[in-house]
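Participant: Sequence plus the predicted model coming up.
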Amino acid sequence: MTLKTSTSTSTVKTQEQSKRFYFLNKRWYSKSHKYWLLGHIFNHKGKIAIITACSLGGIALQIFIPFILGDVFEVYIPSKNLELIIRMALFILGLGLARLAINFIASALNEIMAQHVEMKIRLELYENLQTKSMDFHDSARIGDLMSMATADTRMINASVSPGVRMIGTTIFTLVATFIAMWVSSPTLSLVFLLAMPFYFYFLYKFGKKLLPLSIKRQSSVAKMNAELQENLTGVRVVRTFSGQEREKKKFNKTIKELEEILVTRGIASAYYIPSLIISVVTASIFLGAAYLIEASIIGPILFNLFGWQLTIQPIQIGELITFLTLAGFLGMPTMFLRWVLDMTLLGLAGAERIFGVLSVESEEERGETILDDLEGSIEFTNVSFSYKEGSLFVVNDVSLKIEPGETVAILGPTGCGKTTLSKLLLRLYNPTKGSILVDGVNIQEWDITALRSIIGVIEQDTFLFSTTIGSNISYGKGDATKEEIIEAAKAAQAHEFIMSFTDGYETMVGERGVTLSGGQKQRIAMARGFILNPKILIMDASASAIDAQTEAKIQKAIEKLLIGRTTIIITHRLSSLKTATKIVFMDKGRILKVGHHDDLIRTFLPYRDIFKRFTDLPPLEADTITSDSVSETVGGSK
Amino acid sequence: MSQAFGRAEKAYYDRDYSFGETVKRLWLFARSEKKMLFILLLAFAFNTGISIGVPLFLRVAIDEIAKTIGVNFTNVNLYGWFYLAGTIITWITMYLIIRIEWTIISRTVTKLRNDMFIQLQEHDLSFFDKNKTGRIMSRVVNDTWELGNFMLIFVEITVNFLNLVVMLVIMFVIEWRLTLGILIIAPFIFIVMGFMGYFLMKFSRESRLTVAAVNGAMQESIAGIAIAKNFAREAKNKQEFYDLNKTNLRANIKRGLTFSILFPIFDFIASAIIFIIIFQGARYVVNDAISIGDLYLFYMYSLNLMGPLIGVSQQVAQFQAGRASAERIFSILEVPSLMISGTKDLGEIKGQIEFKDVLFGYSDEKTLFDGISLFIPAGQNVAIVGHTGSGKTSLISILAHFYEIIGGEILIDGNNIRNLDIDKYRKHLGIVLQDPYLFSGNIKENILYGNPEATEMELEQAVSASHVTDFVEFLPEGLETDVGERGSKLSMGQRQLISMSRALIANPRILILDEATASVDAYTESLIQDGLEELFKNRTSIVIAHRLSTVIGADRILVFEEGKVVGDGTHTELMKHNKAYQELYKTYYEFQGVF
Ligand SMILES: Nc1ncnc2c1ncn2[C@@H]1O[C@H](COP(=O)(O)OP(=O)(O)OP(=O)(O)O)[C@@H](O)[C@H]1O
Ligand SMILES: Nc1ncnc2c1ncn2[C@@H]1O[C@H](COP(=O)(O)OP(=O)(O)OP(=O)(O)O)[C@@H](O)[C@H]1O
Ligand SMILES: [Mg+2]
Ligand SMILES: [Mg+2]
């Protein structure tokens, strides 16, 4: 036995590092979801620079056109210089072409960038979910996570897509317009300047009101998603109990709630004061200017303000026109700003939801030990475990040593913790107390991928993917050959029925395997476990849906397969119990007894109870443990 | 090989809809929002009117001020006030427009989703066998959203189109030759729009299709996370997921780029119009055909033309892009349910079941039942045994009318189940499915799913008869314990027990247990067994089990083999005459024997 890499320092280091999963540079995670989103966007710094440059260029070119036009109308046409006029016309066409190119580049880059951001965030979420503990997945709802991967990422895309470009353009336009205003008429600009605090205040208020509504909206979408998802996956139950009407009512209520939120949010989004401010101020300036001009016909107006002598210069009509035109320029970006803000807030709401999931601590520190030359010994030492902190121990002080090559059968009442034991061994959960060693190495120190690939599980709750039967069997071994697949299928007594299907191994399986019978599903899951050729094989009630004849055949077929392998069989089938080298009898998380079938059937009353119903049992022998004493031990575990 | 997730493919029921078909269907939806849409149209018209009117006031006012001598300031001030009022009214109509738009979008989306959901409840189970959850969800959740915005297009196009026509008429009046000159561009615009529309539709279809595949993969990989971990397959799955996302990304970018070029092109068209005006118009001025003032006015109006022109084109483009979603929604709404069901309500039933020459298969190529006939008198306790895959569960599925049979008939108390009101009929059945699916929620909610009106007493009875009590009493939260999605927070056996309670609480005439205790330990199973006799009283019951020990006491045992009944009788009878049963029994006991 050799240790490839195992220095205690390196293990400790990885422990700290991989508590959380980082897709981007770590610093982007140090603050809020906004910062994280920025991190994703800043992956495209080059594009952002080009987009900004192009947008500015586009605006500059746009300003050019009116100037040329002015010249054409004021100079060239009156002077009837046809050649020059045509040249100017062509120049305008050329400018148009340049704008076409520049604008296209800007919006195309922005689009590409947004699509990438959306995809990257979805991929990050996906990868992150893979690293989450089973604890997390037990409590999460698929529909909710789905909604993050679809609706929320979509919203982020929608806010980034025009957002980056729009924000640049809008800010530039606003600033440029202001400067122009200042230059053309400082007096009038002053009025605008006074209005600005209100403008920004209401902009802020707008965002502030919309943000919680956006979050509400996105979580309501998620709720709908989750309900729909369960209605679809549980369709058999719904139908069995004629639940359609109830389901319709429930779903209707949910989408009605969503509708209400959408409408409320829509109203909030429509109530956009900044654009009112801009237009009212503009109109007021005109009105004020008109009065001023009227008043100033007599001459400059003098104000006496706290002893200060204030002179208001008369306003020129040209000044007024220029100013009004410029003020008109502000209207458009302000309207756009509403739209961009609306989108961005939805994107931020989505980002917040996703970031919330990303921030949940990831599964487990991964050790680095990878062993060559496996033997397959397993040792549980005083292992206790509960799924929820502070609740009852589901596994209670379990100590068990399994030698390499042994076949151990575990049995016990429903819910006594058999499956949990195998999940602990796979490190899907970490024991609350105690330790589990595989080949003498604590599984906490094992490289988790290596650990899991030497342990093959045929799980109790069969899950098949909706792909071909062949792909399902080779799931754990992507490079499996056709022969290997068939061999595994044969061992699981699945080859025959697979070949009876028209498409054989290419037959598509429905979601979770719905298009197969219960026993067929289990046998494919079995083949999927066999093909790995694992050192340690766990078979969790893997034959519960299989008839005795088929099971007998399977047992015969895998007899050879089990040689040299450590096998844990969780079962109530006598045939398996009889062949086991060791039987572990569990109750309420504790191991009550370990022994061989022949002994247990004679001496252990709870064990006898199981079988006495349908077979004649050998006479009870001395040193019997009675049910009474058993229940005492059980009582102690509470 | 070894692909965990499916590729992006069209569903078998997907079809292409022509432009006309799409519009017709959309119109049907729009009609239900007629009033709102009409109000929206008015608001838009009003808004346009004001935004044309306000500059006019302003113009007159400025002209007045510009006179320098003899300015009528009363008028100027009046116009100024009009102007102020106009801007406020514009803001208010804008507010109303956005508000109404959101109302229409929200309502349409809700209606679409509701319609789709209702339609989904109608399908037989073969529909769900063939279609992935994630992909169906993609339609209900995302495509509806795209379509919601669609409703507004009707109004927006109308407004813009009217606007366009008015502008053109005015321009024709001013200078028809120049207007014709500008209209030279029109064919160009149509060609561009045609191409754009084509590509937008194509890429949108691609994009919707591939995103559904991404959703499907996401859904499956979250659902199957434990398997991925067990088999240490995360890396490979990730690669596959990446690939699916890449395909989607490409389609999205193609679609996005097509949209990206749209606006620059229209911007360019604006320049082209200016070009024409100068190029052509300047000659007229030089030749003294029109005045320079006319030309300027013309220029101003042609700029106004751009707004609606861009608007119409943009909406046409959006329409083309949204058609992909529309098609996906209409396809799913219009795929007919294969279910044939009537309205007959039997009231109380006796529980007599008869299969008459029933022909059934999951696919058209192969039949599973080739004319199976069975008669189960009311009150009988029947057990079904047989190899895995022999069709036991399928028999129950067609009895419960989950699937449509191809030939023959299934009769309950002499009534063909096709004539029965399906909900009322199923209420008489209590089925413990082989796969004990639980909904997220607590244990109690799950049990009550079988009968929401059950009393406390009935609940208690169901819970104790199925021995749910045995484990619930150890749970700190008892019956209120959260079960997790699909019941993932419970052990397999516990799920089965709950699923049994759920069937029992429905107090059905016909009780069906499909491997109801397969994952339950032998001891608990035997306890349940003891109680079953009581439960079977006054009921027709069908029990499917591989553990023969649990069915020996049945009134009658049916032996299934490849969709046929090859044995029928009591245990003793079958042991005497039936080869297949003897064989089953022999292996079972050899295999399960204690010594
Ligand atoms: N993910 C989970 N979260 C919380 N509790 C759980 C979870 N999984 C199982 N439990 C609880 O832990 C206990 C042991 O469950 P386990 O699945 O190990 O039982 P089991 O012995 O395999 O039973 P069975 O024979 O029914 O399969 C049960 O009481 C169960 O309710
Ligand atoms: N939804 C389905 N779509 C297509 N084929 C199916 C579907 N359900 C079952 N089958 C096929 O029909 C046959 C009979 O399946 P069924 O589930 O009725 O078997 P069963 O007797 O219940 O077996 P088991 O004891 O394993 O549960 C099998 O070959 C199976 O693959
Ligand atoms: Mg278990
Ligand atoms: Mg079955």
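Facilitator: Structure received. Ligands and ions are numbered 1, 2, ... in the order given.

Participant: The spatially most central residue of chain B in helix, strand or coil?
Facilitator: Closest to where the C-alpha atoms of chain B average out (Cα atoms, centre = their mean) is B:Val140, at 3.1 Å. The three-state label given to B:Val140 by DSSP: H, G, I helix; E, B strand; the rest coil is helix.

Participant: number of nearby residues for the residue nearest to A:Ile267 when sequence neighbours are not counted?
Facilitator: Spatial nearest neighbour of A:Ile267, excluding adjacent residues (Cβ to Cβ, 6 or more residues apart in numbering or on different chains): B:Arg99 at 5.3 Å. Glycine gets a C-beta too; all of them are placed from N, C-alpha and C. If you count neighbours by other Cβ atoms under 10 Å in any protein chain shown, B:Arg99 ends up with 19.

Participant: wait, what's in contact with the residue nearest to the centre of chain B?
Facilitator: A:Leu228, B:Arg113, B:Met116, B:Phe117, B:Leu120 (Cβ atoms under 8 Å, 6 or more residues apart in numbering or on different chains).

Participant: Try it again at 6 Å.
Facilitator: By Cβ atoms under 6 Å, 6 or more residues apart in numbering or on different chains, the contact list for B:Val140 reads A:Leu228, B:Arg113, B:Met116.

Participant: Show me which residues of chain B sit near ligand 4.
Facilitator: B:Thr393, B:Gln434 (Cβ under 5 Å from the ion).

Participant: so where's chain B shaky on pLDDT?
Facilitator: The model of chain B has pLDDT under 70 over residues B:1-4, B:6, B:8, B:52, B:55-56, B:59, B:66-69, B:591-595.

Participant: got the domain boundaries for chain A?
Facilitator: Segmentation of chain A into domains, based on automatic domain parsing, reads A:27-359, A:364-454+A:535-638, A:461-533.

Participant: Is the second one positioned near ligand 2?
Facilitator: Yes. Using Cβ under 6 Å from any ligand atom as the criterion, contacts between domain A:364-454+A:535-638 and ligand 2 involve A:Ala545.

Participant: and that domain with ligand 3, contact?
Facilitator: Yes. Among the residues of domain A:364-454+A:535-638, A:Thr419 lie within reach of ligand 3 under Cβ under 5 Å from the ion.

Participant: State the mean pLDDT of that domain.
Facilitator: Mean pLDDT, computed over domain A:364-454+A:535-638, is 81.

Participant: and it, anywhere near ligand 4?
Facilitator: No. With Cβ under 5 Å from the ion as the criterion, ligand 4 is not reached by domain A:364-454+A:535-638; the gap is at least 6.8 Å.

Participant: roughly how far is that domain from the heart of the chain?
Facilitator: Distance of domain A:364-454+A:535-638 from the chain centroid (Cα atoms, centre = their mean, to the nearest Å) equals 35 Å.

Participant: And the strands in the chain, which stretches?
Facilitator: Reading this off chain A. Assigned by DSSP state E, the strands in chain A fall at A:301-305, A:308-312, A:378-385, A:395-402, A:407-411, A:433-438, A:441-442, A:455-458, A:536-540, A:566-570, A:582-587, A:590-595.

Participant: ah, no, chain B please
Facilitator: B:353-360, B:369-376, B:381-386, B:407-412, B:415-416, B:429-432, B:510-514, B:540-544, B:556-561, B:564-569.

Participant: Comparing those, which comes out most buried?
Facilitator: Neighbour counts (mean count of other Cβ atoms under 10 Å in any protein chain shown) averaged over each of those peak at strand B:429-432, with a mean of 26.
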